[in-house]
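Engineer: quick one, structure for this:
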Amino acid sequence: MGKDLKGKDLGVGITQQKNGLYNAGFVDKLGKRRVKRFKKLQECRKWLDEAKYIDEHSSITEANTMMVDAWFEYWISIKEKTVRPNTVRNYRERYHRNISKVIGKMLLVDVKPIHCQKIFSDMADEGYKTTTIYQTRITLYNMLDFAKEDEAIRILKAQKEKNSKIKVIPMEWADQVFLCRKGEPVKNSTYDTALFKLCDKVGIKRFSMHVLRHTFATRCIEAGMMPKTLQKIWGHSNIGITMNLYVHITEDEKHKEIELVAGALKVI
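Structural biologist: So this is what the prediction gives:
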């Protein structure tokens, strides 16, 4: 516990020099000592709190609790090796000028559509051209989409690690990823229970894994996936089962499109 020149406690990591300046310091995750001096105690405490927070939420090995600013630096370092320099420059410009000031200090898991919309709304209010707002949207989408992919890989790797600790796995389930302690596929009811808890936590109507599976198929069809491909993904033994869903959804999409046209033409 540091003290000032009068012997008063200043808190962990803060001390006062004989010349009146305040020192703030801590050891980061890499074992490096970070120190900074300030004239005012309030500024000193603010820097120390923010520096510790950023250090705590900047580890790529813990992407689930990573700050958006830290994630961007990781993401752009990869893009520098895979895309043109002009594209990287545009990504950096759009991020630092428009995205970071809205969500940069947030955790990745806390970013919601409303926060993304605020980025674009702020740009519109500031008089940015539509093309520039669109470029910002591309930057934001690519960055967050990559985060989803990275998190999915992390989850799969973690599950594989759990599987390696299971004593006996029957041969028929050897290629499966999500296994329980007995080495058998996790029961559907287990997933449903987990989903129900998440729904209750965020205050939305409960839905089951079957509904989630149906939603995935719907999105595949809307994106133009061929029925035969969807049949293989779903595991249907009969293409007729897949086609029944396929026809139903495409018919719904037709009605939606007609309604959009009617609305545009103001048909009553």
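
Engineer: going forward, measure contacts and count neighbours with C-alpha atoms only.
Structural biologist: Will do.

Engineer: the residue nearest to Leu5 when sequence neighbours are not counted and Leu48: what is the separation?
Structural biologist: Closest residue to Leu5 apart from its sequence neighbours, by Cα to Cα, 6 or more residues apart in numbering: Gln16 at 6.3 Å. From Gln16 across to Leu48, the span is 14 Å (Cα to Cα, to the nearest Å).

Engineer: got the contact list for the residue nearest to Leu5?
Structural biologist: 2-5, 22-23 (Cα atoms under 8 Å, 6 or more residues apart in numbering).

Engineer: any idea which element the spatially closest residue to Lys205 that is not a sequence neighbour lies in?
Structural biologist: Leaving aside its sequence neighbours, Lys205 sits nearest to Cys199 (Cα to Cα, 6+ apart; 6.3 Å). Taking DSSP states H and E as the definition, Cys199 sits inside helix 188-202.

Engineer: what packs against that helix?
Structural biologist: Where contact means 3 or more Cα pairs under 8 Å, 6 or more residues apart in numbering; DSSP states H and E, helix 188-202 is packed against helix 209-222.

Engineer: only the buried residues of the next helix or strand after the helix it packs on, if you could.
Structural biologist: Once the chain leaves helix 209-222, the next helix or strand it forms, by DSSP H and E, is helix 227-234. Buried residues in helix 227-234, counted by 16 or more other Cα atoms under 10 Å: 227, 230-231.

Engineer: kindly report the same for stretch 235-243.
Structural biologist: Neighbour counts over stretch 235-243 (16+ other Cα under 10 Å) mark Thr242 as buried.

Engineer: restricting to C-alpha, output it in CSV.
Structural biologist: This file holds the C-alpha atoms of stretch 235-243, laid out as CSV (Å, rounded to 0.1, in the frame of the first residue of the first chain):
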residue,chain,number,x,y,z
GLY,A,235,-28.2,-36.2,-41.9
HIS,A,236,-31.6,-37.0,-43.6
SER,A,237,-31.7,-40.5,-45.0
ASN,A,238,-34.4,-39.4,-47.5
ILE,A,239,-34.1,-36.3,-49.7
GLY,A,240,-37.9,-36.0,-49.5
ILE,A,241,-37.7,-34.9,-45.9
THR,A,242,-35.2,-32.1,-46.8
MET,A,243,-37.3,-31.1,-49.9
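
Engineer: who touches that stretch?
Structural biologist: 227-228, 230-231.

Engineer: same thing but 10 Å
Structural biologist: 217, 227-232, 234, 246, 249 (Cα atoms under 10 Å, 6 or more residues apart in numbering).

Engineer: how about stretch 74-89?
Structural biologist: Contacts for stretch 74-89 (Cα under 10 Å, 6+ apart): 58-60, 68-69, 71-73, 91-93, 95, 139, 142-144, 146-147.

Engineer: one more time with 6 Å, if that's ok
Structural biologist: For stretch 74-89, there are no external contacting residues (Cα atoms under 6 Å, 6 or more residues apart in numbering).

Engineer: so how far does it reach from one end to the other?
Structural biologist: Distance between the two ends of stretch 74-89: 15 Å, counting by Cα to Cα.

Engineer: among the contacts of Gln16, which ones are buried?
Structural biologist: 3-4, 22-23.

Engineer: tabulate those (TSV), appending distance to Glu80.
Structural biologist: Formatted as TSV, those follow (distance: Cα to Cα, whole Å):
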residue	distance to Glu80
Lys3	46
Asp4	47
Tyr22	39
Asn23	37
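
Engineer: in TSV: these, plus distance to Ile133, pLDDT and secondary structure.
Structural biologist: Converted to TSV, the buried ones among the contacts of Gln16 look like this (distance: Cα to Cα, whole Å; pLDDT from 0 to 100; DSSP: H, G, I helix; E, B strand; the rest coil):
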residue	distance to Ile133	pLDDT	secondary structure
Lys3	50	75	strand
Asp4	50	76	coil
Tyr22	43	87	strand
Asn23	42	85	strand
